[in-house]
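Trainee: coordinates only, sequence not included:
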């Protein structure tokens, strides 16, 4: 009994120490979005995608891409990604995150309040519209806007997500250089899967990064 009690105390101390280290950023959480295809596969996908002129944004509305939808119980897509991408996330009865930490792969920052984190649509919804989603069904637009299977959604610093806005890789990349290859691979994978087009500046920029991966 004494040995068991001792082990319980040690286990509790280790858990407490780990929590302290995580809180002070020594072991930041790593975004756990689905792993994108390899660089060689992304290059192959991109080569098969002809560069085309983007469609007019006339008629676009975020409401045409229903989100966030219920995923399980009281949890919607945003809350599901917050739990997936965070470390030590605690939620209340309505599935809202009340504590935890989130590492933003775009800029390398770690946050301790869910209010400081946005769920980024890797392919922005307006960009998806311009690239072909203008003629999709509502159900297909909803699938893209809530896709947890492909690397389309991830938790990032809110103001970084806002600065990205609706831009594609022709004009915007994560500031963290180490993440650019992953970003390019994910971008191409999602666009290829959904049959979305790329414009010439976007394709050129993606090719340049992927060729260096």
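Mentor: That came in fine, so what should we check first? Just so it is clear, the model here is predicted, and its values are computed rather than measured.
Trainee: so what's residue 36 up against?
Mentor: By Cβ atoms under 8 Å, 6 or more residues apart in numbering, residue 36 lies in contact with 42, 151, 182, 185-186, 189. For every residue, glycine as well, the C-beta is placed using N, CA and C.
Trainee: Kindly indicate which of those residues lies nearest residue 172.
Mentor: Compare each of those with residue 172 using Cβ to Cβ and the shortest gap goes to residue 186, at 14.1 Å.
Trainee: Would you map the helices across this protein?
Mentor: 2-23, 39-47, 77-85, 125-130, 138-145, 158-164, 180-194, 200-211 (DSSP state H).
Trainee: Relative to residue 60, which of those helices is closest?
Mentor: Across these, closest to residue 60 is helix 125-130 (Cβ to Cβ), at 4.6 Å.
Trainee: hang on, isn't residue 59 packed against residue 134?
Mentor: Yes - A contact is recorded between residue 59 and residue 134 when judged using Cβ atoms under 8 Å, the distance being 6.9 Å.
Trainee: which residues are common contacts for the two?
Mentor: Any residue near both residue 59 and residue 134 by Cβ under 8 Å, 6+ apart counts here, and not one turns up.
Trainee: Which of those two has more residues huddled nearby?
Mentor: Summary of the neighbour comparison: residue 59 and residue 134, criterion other Cβ atoms under 10 Å, with residue 134 having more neighbours (17 against 9).
Trainee: Please name the residues that touch that one.
Mentor: Counting by Cβ under 8 Å, 6+ apart, residue 134 touches 55, 59-60.
Trainee: and with 10 Å instead?
Mentor: Residues in contact with residue 134 (Cβ atoms under 10 Å, 6 or more residues apart in numbering) are 54-60, 64, 128, 141.
Trainee: picking that back up, any idea which of the helices of the chain gets closest to residue 111?
Mentor: Proximity to residue 111 (Cβ to Cβ) singles out helix 158-164 among those, at 8.5 Å.
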